[in-house]
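# Here's a sequence, model it:
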Amino acid sequence: MKTLLSWSSGKDSAWALFVLRKTMPDYDVVGLFCTVNAEYDRVAMHATRRALLEAQAKAAGLPLHVILIPNPCSHEQYAEVMADFVAGAQADGVECMAFGDLFLEDVRRYREEKLAGTGIEAVFPLWGSDTRELATQMLEAGVETYVCCANPKQVPAEIAGKRWDAGLIARLPDTADMCGENGEFHTVVADGPFFAYPLKVEVSEVVERGGYVFADVLLK
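Just a heads-up that it's a prediction; the model follows:
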């Protein structure tokens, strides 16, 4: 089935691509789609630069569909922009849209409701995964990913810009999910079994903005 994958630039969507390709052959991933802040030209919430986003898609060997959203963006505006994208995808013969969500029921329900009646199935290849086991699988597979956004109310601000690895996970408070599924942090991937080759990146400026700490991860 012709499938588009929601791509955040982070590890969970990247791992979802790997799982789809390796264990779910009925779903033919033909492209990635990502919402980008039109004012800053960065991935919404992750703040990943568009140049890095495009490099990721190239390394994954897939076309990238960029969905521009205004800044600020209301729920109504977001829903309208996404509805237009879904309609276009349906007209192009897309049968499924896949998401890297793990266990947030409200997020899954929202996605399913927005796709209801469109003829496009919502697919969640990582759904219900134990995040401890998932983190181990990713690290053992050589996933290289960096924290690009941290919520200092949930995790230490200092993890922004650091590589997500066993050492970083050990520093997280017991209340935090090690994969950041509750919004504790977001990541940007540079390498893993979902890419044909690694991306060379470097961490630049780290800033606090809007109650979050962002690390600017750049292509070398």
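
# Now the terminal residues of stretch 201-220, how far apart.
The straight-line separation of the ends of stretch 201-220 (C-alpha to C-alpha, to the nearest Å) is 5 Å.

# That one: which residues count as buried?
Under the neighbour-count criterion of 16 or more other C-beta atoms under 10 Å, stretch 201-220 has 201, 203, 206, 212-217 buried. Every residue, glycine included, has its C-beta placed from N, CA and C.

# And for stretch 39-51?
Neighbour-count burial for stretch 39-51, counted by 16+ other C-beta under 10 Å, picks out 42-50.

# Ok, stretch 135-153 next?
By neighbour count on 16+ other C-beta under 10 Å, the buried set for stretch 135-153 is 135, 138-139, 143-152.

# just the strands in the protein please.
For the chain, the strands defined by DSSP state E occupy 2-6, 28-37, 42-43, 64-69, 96-98, 121-123, 144-150, 185-191, 201-209, 212-219.

# burial count for P72?
Per other C-beta atoms under 10 Å, the neighbour tally for P72 reads 8.

# Can I get the strands of the chain in CSV including mean pLDDT and distance to E105?
Formatted as CSV, the strands of the chain follow (pLDDT from 0 to 100; distance: least, C-beta to C-beta, whole Å):
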stretch, mean pLDDT, distance to E105
strand 2-6, 98, 17
strand 28-37, 97, 21
strand 42-43, 96, 24
strand 64-69, 96, 24
strand 96-98, 98, 18
strand 121-123, 97, 13
strand 144-150, 98, 23
strand 185-191, 98, 20
strand 201-209, 96, 29
strand 212-219, 97, 24
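
# With distance to P156 added, can I get these in TSV?
Shown next, in TSV, are the strands of the chain (distance: least, C-beta to C-beta, whole Å):
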stretch	distance to P156
strand 2-6	28
strand 28-37	26
strand 42-43	23
strand 64-69	30
strand 96-98	32
strand 121-123	34
strand 144-150	8
strand 185-191	10
strand 201-209	13
strand 212-219	9
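
# Which one of those strands lies nearest to R163?
Taking C-beta to C-beta, strand 144-150 is the member of the strands of the chain nearest to R163, at 5.5 Å.

# Run through who's touching that closest one.
For strand 144-150, the surrounding residues in contact (C-beta atoms under 8 Å, 6 or more residues apart in numbering) are 9-11, 14, 45-48, 138, 156-157, 159-164, 168, 184-192, 198, 201, 203, 212-217.

# report the angle between the axes of it and strand 201-209?
Relative orientation of strand 144-150 versus strand 201-209 (axes from the mean of the first three to the mean of the last three C-alpha atoms, to 10 degrees): 10 degrees.

# Please state the offset of strand 144-150 from the chain centre?
11 Å (C-alpha atoms, centre = their mean, to the nearest Å).

# residues in contact with the closest residue to L64 other than its chain neighbours?
Excluding the flanking residues, the one nearest L64 by C-beta to C-beta, 6 or more residues apart in numbering is A57, at 3.7 Å. By C-beta under 8 Å, 6+ apart, the residues touching A57 are 7, 32, 63-64.

# Looking at neighbours, which among those is most surrounded?
Neighbour-wise, the contacts of A57 (other C-beta under 10 Å) top out at W7, 28 neighbours.
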